[in-house]
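S.K.: This is a predicted model, with the sequence first.
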4 protein chains.
Amino acid sequence: MIVHSRIEGTQLAGNLLGDPTERDLFVYLPAGYEESDRRYPTAYLLHALGSSAELEVTPETDGQRWKPPVEDVLDPVFGRIGTAPMIVVIPDGACRWGCGQWVDSPVTGNFEQYVLHDVIPHVDGAYRTIADASSRGVFGFSSGGFGSWNLASRHPDVFGAMAVLSADSWLDMTHKFMLYKYLDSIWPEAPGGPTEGNFWAEIVYNYSATYSPNPDNPPYYVDLPMAFPSGELIQEVWDRWLSFDPVVNVHDRLENLRKLRGIMLDAGSNDDYNLHWGHRLLSQYLNLNQAGIVHEHRENPGNHGGRHPERYQVALEWLSSTLEHA
Amino acid sequence: MIVHSRIEGTQLAGNLLGDPTERDLFVYLPAGYEESDRRYPTAYLLHALGSSAELEVTPETDGQRWKPPVEDVLDPVFGRIGTAPMIVVIPDGACRWGCGQWVDSPVTGNFEQYVLHDVIPHVDGAYRTIADASSRGVFGFSSGGFGSWNLASRHPDVFGAMAVLSADSWLDMTHKFMLYKYLDSIWPEAPGGPTEGNFWAEIVYNYSATYSPNPDNPPYYVDLPMAFPSGELIQEVWDRWLSFDPVVNVHDRLENLRKLRGIMLDAGSNDDYNLHWGHRLLSQYLNLNQAGIVHEHRENPGNHGGRHPERYQVALEWLSSTLEHA
Amino acid sequence: MIVHSRIEGTQLAGNLLGDPTERDLFVYLPAGYEESDRRYPTAYLLHALGSSAELEVTPETDGQRWKPPVEDVLDPVFGRIGTAPMIVVIPDGACRWGCGQWVDSPVTGNFEQYVLHDVIPHVDGAYRTIADASSRGVFGFSSGGFGSWNLASRHPDVFGAMAVLSADSWLDMTHKFMLYKYLDSIWPEAPGGPTEGNFWAEIVYNYSATYSPNPDNPPYYVDLPMAFPSGELIQEVWDRWLSFDPVVNVHDRLENLRKLRGIMLDAGSNDDYNLHWGHRLLSQYLNLNQAGIVHEHRENPGNHGGRHPERYQVALEWLSSTLEHA
Amino acid sequence: MIVHSRIEGTQLAGNLLGDPTERDLFVYLPAGYEESDRRYPTAYLLHALGSSAELEVTPETDGQRWKPPVEDVLDPVFGRIGTAPMIVVIPDGACRWGCGQWVDSPVTGNFEQYVLHDVIPHVDGAYRTIADASSRGVFGFSSGGFGSWNLASRHPDVFGAMAVLSADSWLDMTHKFMLYKYLDSIWPEAPGGPTEGNFWAEIVYNYSATYSPNPDNPPYYVDLPMAFPSGELIQEVWDRWLSFDPVVNVHDRLENLRKLRGIMLDAGSNDDYNLHWGHRLLSQYLNLNQAGIVHEHRENPGNHGGRHPERYQVALEWLSSTLEHA
């Protein structure tokens, strides 16, 4: 059963995109929740760029391929598959340009603070959670995997485990070309914002709004990491992007990572954006510093997204076995 | 809940491929079945070429895209969606070269007779079905949609309704080129059987084994509909293929079709094989002869297979509303 | 050296598209022509759909792939390769919707008559040709190969040889799907003319204007061979298309074909439209009736158009060896 | 007219691949060469990876697309187009693994020294060249453009001008992903040499043999720039690659570049490997240091290679107008 409510995202106030601060919140309660008075561990599902809390629950039906409602993905986890029950929380991280990437930005909003200070307190207040990091996990796919890394590696006192699925990572190898695909798509025009229908424009501006916002640079309030028309990489801006990259910031967060009960990395070995290589590299770095860091590295035969409902299931099985139940 | 058993396919005896006659049978029993003694309508799910009864229940996990176990597709139909409960029967129609196409052939086996005389009697004997055409429907996707048409349009006394999903149809427009894709794939070699790993070889031989078998033509026991090397179409063989084509045989089956409680045609409007055009043409023919023929023509935005789990759900909702419940 | 002139296409007068009757004519004179007074055999190069006489001589430069000016293709034939010299004539067969297909149509113009009664008399009058069928050949690629077949198989008294390169042929197998690609491209709108930028619209209307024109059906003056929205094939219109198909009309033109000094069929075995199969079938029919019909069937590894400049060279070598020189 | 000879590549002696030192040399002599005693400027055409001197002159005929013999590309330059005549020299730079990239390597051979000390002296001795940098240019496409940059930017006393066509450049943006495409292509096997038929294996080993050779590392004598299986970039090896990159080494070669009579950069704006961005960046760097550096930056609508014969022609027109004639 999924409970829908609306919560006030106080931490999103003042975002320069003018996005609303009141947001959907969906909470999946496992079978038996209503009949009992026990407390449950919670798993926070962070959606990907292009999705939203609402679209996870009720996917659009206009595509060539079917996307299952998340309830039909979660029910078998705790039913047929027999995973010990958890509450699954689906907060909304969408913004006008795509996704807030679950990080703090004056342009798109402080989504990291919003999860920490709006969503979690609300959930712990409204539902019978075990309100402790040891019983609170986070997972997500693509930008949601990226967000999971960001939240848990910075706040091990809040989240005790993370399952990182096909996360944006190793941007220097996997994302740099996107800047040039974007310029090619508008050439010889100069960059002019996240033009609707132009995929490359949308993601370059979305990433810039979250990784390299610049409130002093209207009308788009971002610094792009490449010059126009030369294409030269602007290293100082690019470095701001890289500071969010798991394969970069892992080195500074080892102490935090040691506090986690577990880290799962999972990616499709046919990832269209080569993100499996970011995962492999991240796993390598964790191995090199493994004293005290518990991590598990999995791969599946999927492309980017092709198996993601199944990977949600795998992540939940693993989270449920990693977090502390009542 | 899915119940697995093995049944003897007496009608498959003597097939020239030497395929086993004992077959899997999976029966999905709706929630509440065990606790009640009521009888239920039944929906027969005929799988597609490339699948099998077992693969519907437990899909392979080695693909770039996830396929949900059929149980996770059916549970929401009768749970979340609230469709009135039915028993769903999943017989096995696979053969060594692919799929028996749910028709009778001395090469692949008499799959039509097998459904009629082996599967249905077993199901009606073993489960609390309403053993009457008015409460028995059939559905399937691709070759399974084709098989549904074949069975219900020939046996309205057995099946009271059919949901035909992206069925092989209008072969003259949609399938003819496959003969030449196959010859191109082996050129300049002559046709030499359903070489594993050669998709075109596999389907051309599979179709020939079911539509134009020739027991007197070892080692493959088929007549191919095109000459080698000229490529000339052998009209008499091609006509044997066409006799199975819904857009062809519909004209001879109008009396039978009038006996049905309902016909649903559903196809993706981006079907990779243009099968939506066969459905449109078939719908047009049914409309021209509509006196007494109840049919519904739907389209969805899918490609061939991209939305097929959802279309299973749509078919079951429709079947449940069309068939007679106790 | 290429000589450019403009000629009056008297036979194009009254075409319903309102296309001009004055046309470009380019005549390639082999090295030595000016210094001698000898007479030469002539080869008529019929361009493809999408081209024009002018574009053969001066191709557009805005594509991702380079197309050589025809002079740079012809010079090596008679220079480096050493082919006995011929005059090569490049008439214009373009129309507002694409190409007149080198056949007679009240909509696009009577291009067959125009070649016979405008172009050839002009050339024979203005240049030192050997004005006899035994020294006059025709060749072309795609629609130009189709046009070559049409002209030589109907007028063996005018053309003594033809080189048919990747010609539109076996339309029933290769072109039928285009009707449905077109409908898909505009769905659910009804057919509304050769919308610019819609490739399928452009070719379906172009073919209809040339194969199934209907002066009584404004505003497009064509009969389309398929119904809307059912997609049903309108057999009587489709039969009009087929009457132009070499694999169909070959059977009625055997006497004419016997009068030719030679027929060359050449196609890429990776033709994107499967036209190599039309060529194979045509070759098979010619073989079956070979008494007196001289034909040569070649294949090359090209896709549709990928090797066409080279095939022009091959065609000219063969024509020069087949036609009578002074 | 093209003159073929064989020359001894003394500088290639001892290459670890065991490739022969005797090499083809093709020299294109412009029309009129034989009848005069004048001297001509020379343009050195450096072929691309995948080609050879012989394949420039006589391309393979087994592809889906036609490649013109270089003679048919050069004849119009000095004939129809009217470019002032030059001698065009086509040395061989092929190696067993692909192409020596026109640089010095103990593995593939010292191709830079070979051009300087074997090819040029031979040509200046055997033909009526103007044996001076002011009358000697170099050009090439892809790896040949890369080689042109390498030779002229290091030896302005030898070459007075270069036309760099779609050259390998900005490797950090354009080539890094190839390392991972290669690992993906063999995963989970470890790197095992330039397996024939594996495009990624062939180019990664070819580049490593030329940019990061290691004679002490049998059996392949290369350092790969990425670790296996982690995929971690080995920065010191990658830096060796980058030292060959025009956008990197341009900064150290400004004095040399000032000595040139001209630099032409030309790339297709749809380059499949994004090499147009390397060209743009290089042009930007040249502009920033333009005092005394004469360069011209052109773009064409081609993909990688789609217009390369035409660009040879453009390069030769430009070289002829830039170099000094007698």
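M.R.: Ah, there it is. Residues are numbered from 1 along each chain as shown, chains lettered A, B, ... in the order given.

S.K.: Grab the nearest non-local neighbour of the residue positioned nearest the centre of chain A.
M.R.: Nearest to the geometric centre of chain A sits A:Gly144, at 1.7 Å (C-alpha atoms, centre = their mean). Nearest non-adjacent residue to A:Gly144, counting by C-beta to C-beta, 6 or more residues apart in numbering or on different chains: A:Leu46, 3.8 Å away. Just so you know, the C-beta spots here come from the backbone N, C-alpha and C atoms, and that holds for glycine as well.

S.K.: Kindly tell me how buried that neighbour is, as a neighbour count.
M.R.: When neighbours are counted by other C-beta atoms under 10 Å in any protein chain shown, A:Leu46 registers 32.

S.K.: Then A:Glu60?
M.R.: Neighbour count of A:Glu60, defined by other C-beta under 10 Å: 10.

S.K.: Repeat that for the one 4 residues further on.
M.R.: Applying other C-beta under 10 Å, we find 17 residues neighbouring A:Gln64.

S.K.: any idea how far it is from A:Ile203?
M.R.: As judged by C-beta to C-beta, to the nearest Å, A:Gln64 and A:Ile203 stand 21 Å apart.

S.K.: swap in A:Gly100?
M.R.: Distance of A:Gly100 to A:Ile203, computed by C-beta to C-beta: 13 Å.

S.K.: Any residue of stretch A:303-317 touching chain D?
M.R.: No. Applying C-beta under 8 Å from any C-beta of the partner chain, one finds stretch A:303-317 out of contact with chain D, separated by at least 11.9 Å.

S.K.: Return the distance of the helix or strand containing A:Glu296 from the chain's centre.
M.R.: Using DSSP states H and E, A:Glu296 sits in strand A:295-300. Distance of strand A:295-300 from the chain centroid (C-alpha atoms, centre = their mean, to the nearest Å) equals 17 Å.

S.K.: Can you give me the buried ones in the helix or strand following that strand?
M.R.: Downstream of strand A:295-300, the next assigned helix or strand under DSSP H and E is helix A:308-322. If you call a residue buried by 16 or more other C-beta atoms under 10 Å in any protein chain shown, then helix A:308-322 has these buried ones: A:308-320, A:322.

S.K.: Repeat that for stretch A:268-278.
M.R.: Applying 16+ other C-beta under 10 Å to stretch A:268-278 flags A:268-271, A:273-278 as buried.

S.K.: any residues touching it, and which ones?
M.R.: The contact list for stretch A:268-278 (C-beta atoms under 8 Å, 6 or more residues apart in numbering or on different chains) reads A:142, A:166-170, A:173-175, A:245-247, A:267, A:299-304, A:306-307, B:64, D:177, D:180, D:184, D:187, D:231.

S.K.: does stretch A:65-81 come close to chain B?
M.R.: Yes. Interface with chain B: stretch A:65-81 contributes A:65-66, A:68-69, A:71-73, A:75-76, A:79-80 (C-beta under 8 Å from any C-beta).

S.K.: For the strand holding A:Glu296, which strands pair with it and how are they oriented?
M.R.: With DSSP bridges as the test, strand A:295-300 is paired with strand A:262-268 (parallel).

S.K.: got the angle between the partner strand and helix A:308-322?
M.R.: Put simply, strand A:262-268 runs at 160 degrees to helix A:308-322, going by axes from the mean of the first three to the mean of the last three C-alpha atoms, to 10 degrees.
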